[in-house]
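Chemist: structure of the sequence below:
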Amino acid sequence: MINKIVPTLDAAIDGIEDGATVLVGGFGEIGTPNLLLGALLRRGTRNLTIVTNNAGIGDAGIAALLREGAVRKIVCSYPRSAGSIWFEEVYARGELELELVPQGTLSERIRAGGAGVGGFYVRTGVGTALAEGKETREIDGQTYLLEQPIHADVAFIRAHSADRWGNLVYHASARNFGPVMAPAGRLTIAEVARVVPLGDLNPEHIVTPGIFVDRVWSENHD
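Modeler: Alright, predicted model coming up:
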């Protein structure tokens, strides 16, 4: 019997080692798996590379990991936003490496990592500092940059509902990066608001099939 539900947050993050590359879903605080991130912080995991849209807000989630010096590098589109106090402080001290990636390119690099695509060409960033060190190619008279896929050890995503097979349904804009991150993690862990009986999820509403999810933790359990 397939059952991907784990009983505790500690069980959800079991096996994540120092130095891991972690995909973290969310757009601002919408759809961010802060409870999984908090468990990682309590466990004391260090030297992390975080791939995400924003570099943390306030004192929870990614921001807390930054505050405690658990993050070595962050790959994101919006490192500075309202409430991103810990990114700014840690980065100013020279304690954090930043790789800035345009949002659409970030999403496609993650998707490429999950789909097994070896790389792709985009025009975004041509002629800017973001193009430094990247291969270029002329296509139909236009210059394009070669972007590399992002491969990750772990993907943390948040969804609204799941069943024991790991099928996921999202709520509104909380869907954001979850669907592209789930296939891109060697280990994918979903934090969900509720678990429903098998068969209760409308197949037309399932966005992330359970084949891409390894563990599910529900806040109703812990």
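Chemist: what about the spatially most central residue of the chain, distance to residue 205?
Modeler: Central residue of the chain (C-alpha atoms, centre = their mean): residue 24, 2.3 Å from the mean position. Applying C-beta to C-beta, to the nearest Å, the value for residue 24 to residue 205 is 24 Å. For every residue, glycine as well, the C-beta is placed using N, CA and C.
Chemist: and after the lowest-mean-pLDDT helix or strand in the chain, which helix or strand comes next?
Modeler: Ranking every helix and strand in the chain by mean pLDDT, DSSP states H and E puts helix 85-92 at the bottom, with a mean of 94. Next along the chain after helix 85-92, taking DSSP states H and E as the criterion, comes strand 97-100.
Chemist: and whatever helix or strand comes next after that next one, what does it pack onto?
Modeler: Note on strand 97-100: by DSSP H and E, the next helix or strand toward the C-terminus is helix 103-115. Packing contacts for helix 103-115, counted by 3 or more C-beta pairs under 8 Å, 6 or more residues apart in numbering; DSSP states H and E, involve strand 120-122, strand 142-147, helix 178-181.
Chemist: helix 103-115 versus strand 142-147: what angle between them?
Modeler: 50 degrees (axes from the mean of the first three to the mean of the last three C-alpha atoms, to 10 degrees).
Chemist: for residue 123, see how far away the residue located most distally from the centre of the chain is.
Modeler: Ranked by distance from the centre of the chain (C-alpha atoms, centre = their mean), the top residue is residue 141, with 35.0 Å. From residue 141 across to residue 123, the span is 12 Å (C-beta to C-beta).
Chemist: tell me the SS of residue 39?
Modeler: Assigned with DSSP: H, G, I helix; E, B strand; the rest coil, residue 39 falls in the helix class.
Chemist: all helices for the protein, in order.
Modeler: 9-12, 34-43, 62-67, 85-92, 103-115, 178-181 (DSSP state H).
Chemist: most tightly surrounded among those?
Modeler: Highest mean neighbour count of these: helix 178-181, a mean of 25 (counted as mean count of other C-beta atoms under 10 Å).
Chemist: and it, how far from the chain's centre?
Modeler: Its chain's average C-alpha position is 8 Å from that of helix 178-181, according to C-alpha atoms, centre = their mean, to the nearest Å.
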